[in-house]
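Asker: Sequence first, then the predicted structure, then my questions.
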There are 2 protein chains.
Amino acid sequence: MLTIGPLVAGAVTAEPGDMNVLWIFAHPEGRSLNAALRDEGLKALDEFGHSYRVSDLYAMKWNPVVDYGDFEHDPAERMLVASASQEAYESGRLPADIRAEQEKLDWADAIVVQFPMWWYGLPAILKGWFDRVFVKGLGYGIADEDGTVLRYGDGKLTGKRAMVVTTIGARPSSIGPRGVHGELNDLLFPLHHGTFWYTGIAPLPPFAVLSADRLDEAGFDAAVAGLRDRLRTLESAEPIPFRHQNRGDYDEDLVLRADLAPGRSDLAVHLRD
Amino acid sequence: MLTIGPLVAGAVTAEPGDMNVLWIFAHPEGRSLNAALRDEGLKALDEFGHSYRVSDLYAMKWNPVVDYGDFEHDPAERMLVASASQEAYESGRLPADIRAEQEKLDWADAIVVQFPMWWYGLPAILKGWFDRVFVKGLGYGIADEDGTVLRYGDGKLTGKRAMVVTTIGARPSSIGPRGVHGELNDLLFPLHHGTFWYTGIAPLPPFAVLSADRLDEAGFDAAVAGLRDRLRTLESAEPIPFRHQNRGDYDEDLVLRADLAPGRSDLAVHLRD
């Protein structure tokens, strides 16, 4: 087991090198840049002493479509997706493929979510991993004894961390601040904030390989080195500092207090100062 | 045919009431709020004299997963998704289900994209409509004779318009400016700007039914009235005023010129003043 430096009390929840990592992979091609990066990433996790499991969604022929079959729901009755999913989850009647992913998620301290960016979002097969696995009662619809809704920082998945690894055809300038495509963190806000953070998972800054369709040998080596660096600090890196819903930053209407990030309404207002 | 008022020269490309509308619907339940809104919407289109076709993705058992099968690609050879999709598209070898959607898209002057918002994005079945239908050569990878890349306003789909119709559990304040979920137009930026506008389609402001899981009869009636109003102006409404990539607002690195929206880097910098 490699250790990376002295443990700072309270800064991390486990000793370096003993995390359980779930690597979710969503690319159809086993000989792709993405697959090569995944293989290098898994090798690095091994070197750093972590355990890992892989959900290779294409290889698993993952079904991404939420439907009646997920909830043993009688098609003769109207289905409300939220409550149907919660009933099936709480009574242990979700299908085996969803339960297997929830079991991996339960096991994991950290999740790596790797995909090529398609239309500035997740490939459908990956979006449907979240749609089907993060059912009500696990991902949302959680409250404490007082009825306070637990989300955005507090949830059943609090304590876990997640990191996006993505490949994008765009060059760095065009997906940076004021770039024509929109800035990467803004594009990923629905995943980072609306999905991970919503459920309690702390999102780390994403690792993106840009100009990915024009990468030469040196570019690939740099990408591998960068990915290794990010995986080396998977346990200790500071997450994106999103605000908690329930720590006084938002008012009763769930609007950010006027004295915080005053006068602004961009997505970055949801970052702590 | 109902006409809505005098035609302003140049403001619209067709007479009111003679548009072809493709309505893409992505909800598993035929007795849902979404389905009821769709039925009211289609009735309104009819009343207003438009023609429509519906792609009911669940009813069609739409396959949302991009894979080898789409491109008659030999699995023994490495597949590059972009070029494989372009070759299959240009040689007419895409599968029948994709070609059928492309044919509807070609027929349509306007597209309505209706879905319940799941994890602050599209249900997987709908994301995969874009992933599979907007292949290279149709949705991206377009250039003029001089080699200028045509996207963000200019593309093969220029002249069409699109409108999102969505249901969201969140209450209005919480998904408005500074709301905890992020503002709706920012959440939809990857679809509005990164998908529609990228391909040349002009996106209209979205129509969203909020607090959708707590809607009473009066709320439903208000939602129908609101949807009818928006469909009444489907042809004449001002699109979201995104900037064109190729009209001088972005520099050679595809970064917004420093004198436009100076000092800002939120997503709204991509709106014309």
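Answerer: Yep, that arrived. In this text the structure is predicted, and so the values were computed from the model without any measurement. Numbering: from 1, shown residues only, chains lettered A, B, ... in the order given.

Asker: and the stretch 1-150 of chain A, which of its residues are near chain B?
Answerer: A:28-29, A:31-32, A:58, A:64-68, A:78-82, A:116, A:118-125, A:127-128, A:130-131, A:134 (CB under 8 Å from any CB of the partner chain). C-beta here means a position set from N, CA and C on the backbone, and glycine is covered the same way.

Asker: can you give me the helices in the stretch 1-150 of chain A?
Answerer: A:33-47, A:81-90, A:96-107, A:124-133 (DSSP state H, counting those that start in this stretch).

Asker: Tell me the buried residues in the second one?
Answerer: Okay, so that is helix A:81-90. Residues A:Val81, A:Ala82, A:Ala84, A:Ser85, A:Gln86, A:Glu87, A:Ala88, A:Tyr89 are the ones in helix A:81-90 that count as buried (16 or more other CB atoms under 10 Å in any protein chain shown).

Asker: Give me the neighbour count for A:Ala36.
Answerer: Close neighbours of A:Ala36, defined as other CB atoms under 10 Å in any protein chain shown, add up to 14.

Asker: contacting residues for it?
Answerer: A:Phe220 (CB atoms under 8 Å, 6 or more residues apart in numbering or on different chains).

Asker: Distance check, it against A:Glu217.
Answerer: A:Ala36 is 12 Å from A:Glu217, where distance means CB to CB, to the nearest Å.

Asker: Kindly report the same for A:Ala162.
Answerer: Taking CB to CB, one finds A:Ala162 at 30 Å from A:Glu217.

Asker: neighbour-wise, which of these two wins?
Answerer: Neighbour count, other CB under 10 Å: between A:Ala162 and A:Glu217, A:Ala162 has more, with 25 against 7.

Asker: Secondary structure class of the more buried one, three-state.
Answerer: Under the three-state scheme (DSSP: H, G, I helix; E, B strand; the rest coil), A:Ala162 adopts strand.

Asker: State the distance from the nearest residue to it once chain neighbours are set aside to chain B.
Answerer: Nearest non-adjacent residue to A:Ala162, counting by CB to CB, 6 or more residues apart in numbering or on different chains: A:Ile111, 4.3 Å away. Distance of A:Ile111 to chain B, given as CB to the nearest CB, to the nearest Å: 15 Å.

Asker: A:Pro205 now?
Answerer: Distance, A:Pro205 to chain B, by CB to the nearest CB: 16 Å.

Asker: Work out for me the element the residue nearest to that residue when sequence neighbours are not counted sits within.
Answerer: In this structure, A:Pro205 finds its nearest non-sequential neighbour in A:Ile240, 6.1 Å apart by CB to CB, 6+ apart. Assigned by DSSP states H and E, A:Ile240 belongs to no helix or strand.

Asker: what about A:Arg161, how many neighbours?
Answerer: Residues near A:Arg161, counting by other CB under 10 Å: 23.

Asker: ok, back up a step: quick one, which of the helices of the stretch 1-150 of chain A is packed in tightest?
Answerer: helix A:124-133 (a mean of 26; mean count of other CB atoms under 10 Å in any protein chain shown).

Asker: Tell me what angle that helix forms with helix A:81-90.
Answerer: Interaxial angle of helix A:124-133 relative to helix A:81-90 (axes from the mean of the first three to the mean of the last three CA atoms, to 10 degrees): 70 degrees.

Asker: and helix A:124-133, what does it pack onto?
Answerer: helix A:96-107, helix B:124-133 (3 or more CB pairs under 8 Å, 6 or more residues apart in numbering or on different chains; DSSP states H and E).

Asker: Identify whichever of these lies nearest to A:Thr166.
Answerer: A:Thr166 lies closest to helix B:124-133 among those, at 14.9 Å (CB to CB).

Asker: Let me know the angle separating the closest one from helix B:96-107.
Answerer: Using the same axes, to 10 degrees: helix B:124-133 against helix B:96-107 is 80 degrees.

Asker: So what touches helix B:124-133?
Answerer: A:64-66, A:118-119, A:121-125, A:127-128, A:131, B:24, B:26, B:55, B:57-58, B:62-66, B:70, B:98, B:101-102, B:105, B:113, B:115, B:121-122, B:139, B:195.
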